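[1] Provide a 3D model corresponding to the input given below.
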Amino acid sequence: MSKTAITKSFDLGDGKTITLETGKLAKQANGSVVVRQGDTMLLATVVSNKEAKEGIDFLPLSVDYQEKYAAAGRFPGGFFKREARLSDYEILISRLVDRALRPLFPDDYHAETQVLISLISSDKNTMPDALAALAASAAITISDIPFNGPISEVRVARIAGKFVVNPTKSELENADMDILVAASMKDINMVEGEMKECSEADMVQAIKLAHEAIKKQCQAQLDLAQLVNAGKKREYSHEENDADLKEAIKKACYNKMYAVAKTGNPNKHGRKEAFEAIRKEFTATLTPEVQEEKAPLLKKYFHDIEKDAIRQAVLKERTRLDGRKLDDIRAIWCEVDYLPSAHGSSIFTRGETQSLTTVTLGTKMDEQTIDGAFHEGTNTFLLHYNFPPFSTGEVKPMRGTGRREVGHGNLAMRGLKQVLPKENPYTIRVVSDILESNGSSSMATVCAGTLALMDAGVKITKPVAGIAMGLITDNTGKYAVLSDILGDEDHLGDMDFKVVGTKDGITACQMDIKVDGLSYQVLAEALEQARKGRLHILGEMTKVISASREDYKPHAPRIVKMSIPKEFIGAVIGPGGKVIQEMQRETGAVIVIEEVGEFGVIDISSSSKESIDAATARIKAIVSVPEVGEIYDGKVKSVMPYGAFVEILPGKDGLLHISEIDHRRLDSLDGVIKEGDKLQVKLIGVDQKTGKLKLSRKALLPKPEAQEQN
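    Next comes the predicted model:
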């Protein structure tokens, strides 16, 4: 007997029905919901501890999205044949959900909380990433966990000039805009996506459309909570406060911190030392016992008061921590061709943020294989972002690639891939090593990536630059939009809005909003300010290099493409790959062949032109059809009493009969021709029945003088 679940369905538009289901699966979690669209189903669960760990002054929230291969009727790859660590795609979806949920938990809620989302059924055409945040939020909404939601997330794509909410995978292939938007009933709180040079106005329009669809999803979650009789949220007390201590710190330190904030010191470490001196001065007035007992509260209150002082200084003085005006961009210097052995390299430095970026050009054999439960295929453009601890003057253990690196690298990749040439024979890898960081290293990666690609000779359509925008607001309606934000401004501000684009439009964006009530007017103002900043940065970059180099570096691989009829693919490869392996070994070129329709498409790559020419000639010889009357350089493959078999083209032998070797009569070939000899022959005929080739050496020799006289 089956268990009856509680469900709530709603129409997203265009006949897309989404169903929320609870009460059937994972009932020991604090909240669990299954979201279904078509045959795609996601299970989301949430569990939060009743008490917070001692000394924790933040929300320890973890969000993991994982795709089960069985959902698509597939086996996982690898030796163990089971799901292992999250793929980059799963990490990116986990980050999207985390960034949408995190701001909606109460500031004083510090219990460890875990959200798990699993793809348990997939129909291969419904994109699960657009449903993950809906599933997670619904699970929290029906639980007793304090939450200022619900929220949800939708994808908006522009296809043939029309905006579509949650398009199918096949529809998305024709889109020139693809963004994911998260919001509550009231406010937008997260945007991420890519587009082909769209305008700022089009982006605002897409976000507005997304918000209308999200409101339906939020209402459906509230309706589901009513159906399950979700009770009131749990009571908790995760913070101890000392109002007198906080007031004493504010009275003693606020004005001093305000003065430091408005001084405009451009040095990050200098500002840090100035604020630290104020803390030490106040702490010295306390007894050692109070210092030890109140250490967590002291740290928290100093942070809060410093944050308030900096924000008020920006709003009132209209200047920033480093002395810039609101829309000023930090000083920029760039350099290309810095690394002599790389295929392309650049340094991009903006203020105290620096990226050293390389470009490596590879062949089809270097493609990345994507083997996911939902996504399969290959990737020919990779961008990897590294953030070593010395870039911020810190000591930290190196534990491999973190989620932050994956997310920042993906954003830069999405912005740059829009300007790659359509006819691109290479697999391209861009690597950004952040050597200094004080705000927006992902946007420095975009700028350095553009410079390195042009230095490598990759014919990008236009240069691309990125800029990070910030926002500071107060409850009076006063606000300040900040261009090219510092790390401190990101941490203390209300918005982190990264915009990537060319001089003609936006190619990628990522926005996180940490405050309620961001109006579309402020959003439009931030986008316009970002456009002006982007143009300024592009101007500085093009002073160093304004277009891609005419040719690749001498040591970079060259790739020549050629097509052959499909029936010749086997001849080029040979039995067990013998022919193609021999060609690669003897010419030094890398040869990759792929069947595309009725043709075999061949990539021949090498840093040596001679190698490419030799391989090309060998392949042309294999696929060419022998013509009667043509002369060939042949090689004797075997000798028989009646003649010799001569290979005139790879895999094509003909019979050189004993009577066609010389004008004089030969009784034997001993001492005349042996196996391995090379000689010129003429194709004099093709047997119509068997297709066998008839060769002659005699036809190329002058006739004896006596015969000519007769």
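
[2] In this structure, which helix is the longest?
    Criterion DSSP state H: the longest helix present in the chain is helix 200-227.

[3] how about whichever helix or strand comes after that one: buried residues?
    Helices and strands here follow DSSP states H and E; after helix 200-227, the next one along the chain is helix 243-263. Residues of helix 243-263 classed as buried by neighbour count (16 or more other CB atoms under 10 Å): K246, I249, K250, C253, Y254, K256, M257, Y258, V260, A261, K262. Just so you know, the C-beta spots here come from the backbone N, C-alpha and C atoms, and that holds for glycine as well.

[4] Verify the stated contact: R558 with S607.
    Yes - the pair R558 / S607 is scored as a contact, 6.8 Å apart, by CB atoms under 8 Å.

[5] which residues are in contact with both of those two?
    Common neighbours of R558 and S607 are not found (criterion: CB atoms under 8 Å, 6 or more residues apart in numbering).

[6] Which of the helices or strands spans G415?
    G415 belongs to helix 403-417, assigned by DSSP H and E.

[7] What of K422?
    With DSSP H and E as criterion, K422 is part of no helix or strand.

[8] Pop out the phi and psi values for it.
    Main-chain dihedrals, K422, degrees, to the nearest 10: phi -70, psi -40.

[9] separation between it and M454?
    Distance of K422 to M454, computed by CB to CB, to the nearest Å: 17 Å.

[10] What's the first helix or strand after the one helix or strand L180 maps to?
    Applying DSSP H and E as the criterion places L180 in strand 175-184. On the C-terminal side of strand 175-184, the closest following helix or strand by DSSP H and E is strand 188-198.

[11] Can you list the neighbours in contact with that next one?
    So strand 188-198 is contacted by 96, 99-100, 103-104, 151, 153, 158, 176-183, 202-203, 207, 211, 411, 414-415, 417-418, 501-502, 504-514, 518, 523 (CB under 8 Å, 6+ apart).

[12] what angle do that strand and strand 175-184 make?
    170 degrees (axes from the mean of the first three to the mean of the last three CA atoms, to 10 degrees).

[13] all numbers from here: first residue = 23
    Got it, first residue is 23 now, which makes that one strand 210-220.

[14] So which bits of stretch 567-585 are buried?
    I567, S570, R571, Y574, K575, A578, P579, R580, I581, V582, M584.

[15] what do you get for stretch 414-424?
    So for stretch 414-424, counting by 16+ other CB under 10 Å, buried means T414.

[16] Next, the residues that contact stretch 422-435 from outside, please.
    By CB under 8 Å, 6+ apart, stretch 422-435 touches 110, 113-114, 116-117, 214, 403-409, 452, 454, 463-465, 467-468, 471, 488, 520, 522, 530, 532.

[17] thinking again about what came up before, drop anything exposed from the contacts of strand 210-220.
    Neighbour-count burial (16+ other CB under 10 Å) is assigned, among the contacts of strand 210-220, to 118, 121-122, 125-126, 173, 175, 180, 198-205, 224-225, 229, 233, 433, 436-437, 439-440, 523-524, 527-535, 540, 545.

[18] Show the model's pLDDT score for A317.
    With respect to pLDDT, A317 scores 88.

[19] Please apply the same query to A548.
    On the pLDDT scale, A548 gets 93.

[20] and it, helix, strand or coil?
    What DSSP: H, G, I helix; E, B strand; the rest coil gives for A548 is helix.

[21] hang on, isn't I167 packed against G253?
    No - with contacts counted by CB under 8 Å, I167 stays clear of G253, the gap being 11.7 Å.

[22] Report how many residues lie close to the closest residue to T380 other than its chain neighbours.
    Distances taken as CB to CB, 6 or more residues apart in numbering place A364 nearest to T380, at 4.5 Å, with adjacent residues excluded. Neighbour count for A364, taken as other CB atoms under 10 Å: 21.

[23] surely A364 meets T379?
    No - A364 is not in contact with T379 according to CB under 8 Å; the separation is 9.4 Å.

[24] separation between the spatially most central residue of the chain and S459?
    The centroid of the chain falls nearest to N432 when counting by CA atoms, centre = their mean (2.9 Å). Counting by CB to CB, the gap from N432 to S459 is 18 Å.

[25] got it, and E262?
    34 Å.

[26] Which residue, neighbours along the chain excluded, lies closest to M605?
    Nearest residue to M605, sequence neighbours excluded (CB to CB, 6+ apart): R640, at 5.1 Å.

[27] still on that earlier bit, which of K444 and M476 has more residues huddled nearby?
    For K444 versus M476, neighbours defined as other CB under 10 Å are more numerous around M476 (24 against 6).

[28] tell me the contacts of that one?
    Here M476 is in contact with V358, G366, I482, P485, I567, A569, S570, R571 (criterion: CB under 8 Å, 6+ apart).

[29] ok, so of the residues you listed, who is nearest F396?
    Taking CB to CB as the measure, F396 lies nearest I482 of the contacts of M476, at 29.7 Å.

[30] Can you name every helix or strand that whichever helix or strand L493 is part of contacts?
    Element membership for L493, per DSSP H and E: strand 487-495. For strand 487-495, the packing partners by 3 or more CB pairs under 8 Å, 6 or more residues apart in numbering; DSSP states H and E come out as helix 317-339, helix 463-478, strand 501-505, helix 509-514, strand 517-524, helix 542-564.

[31] For these, give me JSON lines that also has distance to A152.
    Converted to JSON lines, these look like this (distance: least, CB to CB, whole Å):
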{"stretch": "helix 317-339", "distance to A152": "34"}
{"stretch": "helix 463-478", "distance to A152": "23"}
{"stretch": "strand 501-505", "distance to A152": "29"}
{"stretch": "helix 509-514", "distance to A152": "27"}
{"stretch": "strand 517-524", "distance to A152": "21"}
{"stretch": "helix 542-564", "distance to A152": "21"}
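
[32] how much space between the closest residue to D393 other than its chain neighbours and A27?
    The shortest distance from D393 to any non-neighbouring residue, by CB to CB, 6+ apart, is to G99 (4.7 Å). For G99, the distance to A27 (CB to CB) stands at 34 Å.

[33] tell me the contacts of I567?
    V358, L473, M476, D477.

[34] Ignore what I typed, I meant G171.
    L123, L126, S159, I162, T163, S206, C240, Q243.

[35] From the residues you listed, pick the one nearest G345.
    L126 (35.3 Å).

[36] Just want to know which of E262 and S459 has more residues nearby.
    Ranked by neighbour count (other CB under 10 Å), E262 and S459 place S459 first, with 22 against 8.

[37] And for the residue lying closest to that one once chain neighbours are set aside, the neighbour number?
    By the measure of CB to CB, 6+ apart, the closest residue to S459 outside its immediate chain neighbours is S413, 4.3 Å from it. Using other CB under 10 Å, S413 has 19 neighbouring residues.

[38] Tell me which other helices or strands the helix or strand where I641 lies touches.
    Counting by DSSP H and E, the element that carries I641 is helix 631-645. On a contact count with 3+ CB pairs under 8 Å, 6+ apart, helix 631-645 meets strand 580-587, helix 591-595, helix 600-609, strand 621-628.

[39] Could you look over those and pick the most buried one?
    Mean neighbour count (mean count of other CB atoms under 10 Å) peaks for strand 621-628 among the helices and strands packed on helix 631-645, with a mean of 21.

[40] Alright, that wraps it up for me.
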